[in-house]
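Chemist: Coordinates for the following, if possible.
(one chain, ligands or ions: 1)
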Amino acid sequence: MVTVAMERKGRLPVSQQQVTHRLVTVVPCLPATLRDSEVPHFFRERHVLTGYRPLHQDWRYYLLSLFRRHNETVNVWTHLLGALLVLVWFRELAEVVDFAGDAHSWPLLILLLSSFCYMSFSTVAHLLAPRSELTHYALFFLDYVGVALYQYGSAAVHFHYAVPDDWPHWLLGPFMPVAALLCCFSCFGCCFGKYCSHSSPSSIRKLGQVLPSALAYAWDTSPVFWRLWGCLPSCEQDPAALFHAGQVGFFLASALFFTLLLPERWLAGRCDFLGQGHQLFHTLLVLCTLCQLQASHLDYRGRRMLYLRLHGDGEPAFLVCLFVAVALVCTSVAIGMTSKVAGRK
Ligand SMILES: [Zn+2]
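Modeler: As a prediction, the model looks like this:
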C-alpha cells in the first residue's frame, strides 16, 4: 500500500502528498494500547481488560485512533455512522417538509437536531476522553447533555404528533414543562453519578444514570404507550404503529445491555474489542432513533387534522424556546460539574 502511494506520489497535488506522507509515517508510530491495570481507575470499564489507550498523548493521537483497534473503536464508529445517517435523513426530509414555513414541523426538526447532538457528542467523548482526567469528565458530561437533549426531542415529537385523541387532555398543559424538568434532572443525575464514580462504586454511577433517565423515558414515551395500547389488536390500520413499537423495543433492549453490561459480564476480557454491551447499547439506540424518526415523519404527514386541533399555532415556538432553555440549563450543569472536577485536582 505504501509502495502504491509512493508510485502515485508524482501525480498527486502537494497537499495530498503531504497528507499521504504523514499518514504513512505517523500511524505506525502510535503507542500500543494498555491493560486495565496500567490506566487510572476512573478510566477503566468493568469486565474490559485490554485495549486502553494511554493518557497524555497529543490530540492527533486520539483523532487517528479512530482508525486503530482499541476498546473504544466500535463505540466511536457506531455513533459516528448514526450521526451521518441522521444528516442523510435530514437532507431527504428537507426536500419534502417545509421546515422554514410550517411551524408544526419544528418538533420533527428538534428531534433531528437533538439526535444528531447526542450521537456526535457521544462520538467525541468516546474518541477523545482518554487524553486526561479533566477531558474524560468534561466530554462525558457533554455526552450527558446530548442525552438530555434527545430526551427532550423525543418528548416533543411524542407530545406533538403521537398523542392519541383519547389521551387525558388535562395532561396537555403540563406535559412539556415536566418533560423539560425531567431532562435537566436526568442530565444532573448522570453528571453527578459520573462525578461520584471517582471515589464511589460504579453502582452509584449507574443509579444516578439509570433512575432519572428511566423516569424521563417513561414520561416522554407515555403518549406512545397509550396509543399502542389503544390500537391493539388492530394496529395495522395505524401506519406509524409498527415504527413506534420498533422504537420502544429497541430502546428497552438497549437499556438492558447498558445496565447489565452483557455479554462481557460473562466473558470478561473476550469482548474488549467487539461485542461489549455498550456497543450493543449504541447500535440499538441508533435503530431506536431511526424508527422514531420514521414514525414521527409518518405522524407529521398523516395526523395533521388531529395535532392542529390539539395544539395551538403558538405551541411549536414554545417547544423551541423550552428546547433552548433545556440546552442552556444542561450545559450549565455540565460546566459546573467540570469545574468541580478541575477543583478537586
Ligand atoms: Zn456511549
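
Chemist: just how off-centre is stretch 212-220 within its chain?
Modeler: Relative to its chain's centre, stretch 212-220 lies at 15 Å (CA atoms, centre = their mean, to the nearest Å).

Chemist: buried sites along it?
Modeler: Pro212, Ser213, Ala216, Tyr217, Trp219, Asp220 (16 or more other CB atoms under 10 Å). All C-beta spots, glycine's among them, are computed from the backbone N, C-alpha and C.

Chemist: Keeping just the C-alphas, turn that stretch into CSV.
Modeler: Taking C-alpha atoms only, stretch 212-220 is exported to CSV below (Å, rounded to 0.1, in the frame of the first residue of the first chain):
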residue,chain,number,x,y,z
PRO,A,212,-33.7,9.7,36.4
SER,A,213,-33.3,8.5,32.8
ALA,A,214,-35.9,5.8,33.3
LEU,A,215,-38.3,8.3,34.8
ALA,A,216,-37.8,10.7,31.9
TYR,A,217,-38.2,7.9,29.4
ALA,A,218,-41.5,6.7,31.0
TRP,A,219,-42.9,10.2,31.0
ASP,A,220,-41.7,11.2,27.5
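
Chemist: which other helices and strands contact whichever strand or helix holds Ala138?
Modeler: Using DSSP states H and E, Ala138 maps to helix 133-157. Contact analysis of helix 133-157 by 3 or more CB pairs under 8 Å, 6 or more residues apart in numbering; DSSP states H and E lists helix 106-128, helix 172-196, helix 202-231, helix 277-302, helix 315-343 as its packing neighbours.

Chemist: To Leu149, which of those helices lies closest?
Modeler: Leu149 sits nearest to helix 106-128 of all the helices and strands packed on helix 133-157, at 4.2 Å, using CB to CB.

Chemist: just to revisit the earlier point, considering the buried residues of stretch 212-220, which is situated nearest to Asn71?
Modeler: Of the buried residues of stretch 212-220, the one sitting nearest to Asn71 (CB to CB) turns out to be Ser213, at 23.8 Å.

Chemist: The closest one contacts Phe185, doesn't it?
Modeler: No. The pair Ser213 / Phe185 is not scored as a contact, 9.5 Å apart, by CB atoms under 8 Å.

Chemist: okay, now Leu252: neighbour count?
Modeler: 12 (other CB atoms under 10 Å).

Chemist: avg pLDDT for the helix holding Ala138?
Modeler: If you average the pLDDT over helix 133-157, you get 97.

Chemist: go on, stretch 284-301?
Modeler: On average, stretch 284-301 scores 98.

Chemist: Pull out the buried residues from it.
Modeler: 284-300.

Chemist: where in the stretch 151-300 of the chain is pLDDT low?
Modeler: Applying pLDDT under 70 to the stretch 151-300 of the chain picks out residues 198-202.

Chemist: if we can go back for a sec, most tightly packed of the helices and strands packed on helix 133-157?
Modeler: helix 106-128 (a mean of 23; mean count of other CB atoms under 10 Å).

Chemist: pretty sure Leu149 contacts Cys184?
Modeler: No. Using CB under 8 Å, Leu149 makes no contact with Cys184, being 10.7 Å away.

Chemist: shared neighbours of the two, which are they?
Modeler: Contact criterion CB atoms under 8 Å, 6 or more residues apart in numbering; residues shared by Leu149 and Cys184: Val326, Cys330.

Chemist: Contact partners for Asn75?
Modeler: With contacts defined as CB under 8 Å, 6+ apart, Asn75 is in contact with Ser122, His126, Gln276, His278, Gln279, His282.

Chemist: biggest separation within those residues, which pair?
Modeler: Pairwise distances across those peak at 14.3 Å for Ser122 and Gln276 (criterion: CB to CB).

Chemist: Tabulate the helices and strands packed on helix 133-157 (a markdown table), appending distance to Asp98.
Modeler: Formatted as a markdown table, these follow (distance: least, CB to CB, whole Å):
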| stretch | distance to Asp98 |
| --- | --- |
| helix 106-128 | 11 |
| helix 172-196 | 23 |
| helix 202-231 | 25 |
| helix 277-302 | 11 |
| helix 315-343 | 13 |
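
Chemist: Please point out which parts of stretch 298-314 sit buried.
Modeler: Leu298, Asp299, Tyr300, Arg303, Tyr307, Leu310, His311.

Chemist: Determine how far that stretch lies from the middle of the whole chain.
Modeler: Counting by CA atoms, centre = their mean, stretch 298-314 is centred 27 Å from the centre of its parent chain.

Chemist: From start to finish, how long is it in a straight line?
Modeler: End-to-end distance of stretch 298-314 (CA to CA, to the nearest Å): 22 Å.

Chemist: residue contacts, the most centrally placed residue in the chain?
Modeler: Of all residues in the chain, the one closest to the mean position by CA atoms, centre = their mean is Tyr118, 3.4 Å from it. For Tyr118, the contact set (CB under 8 Å, 6+ apart) comprises Asp143, Gly146, Val147, Leu149, Tyr150.
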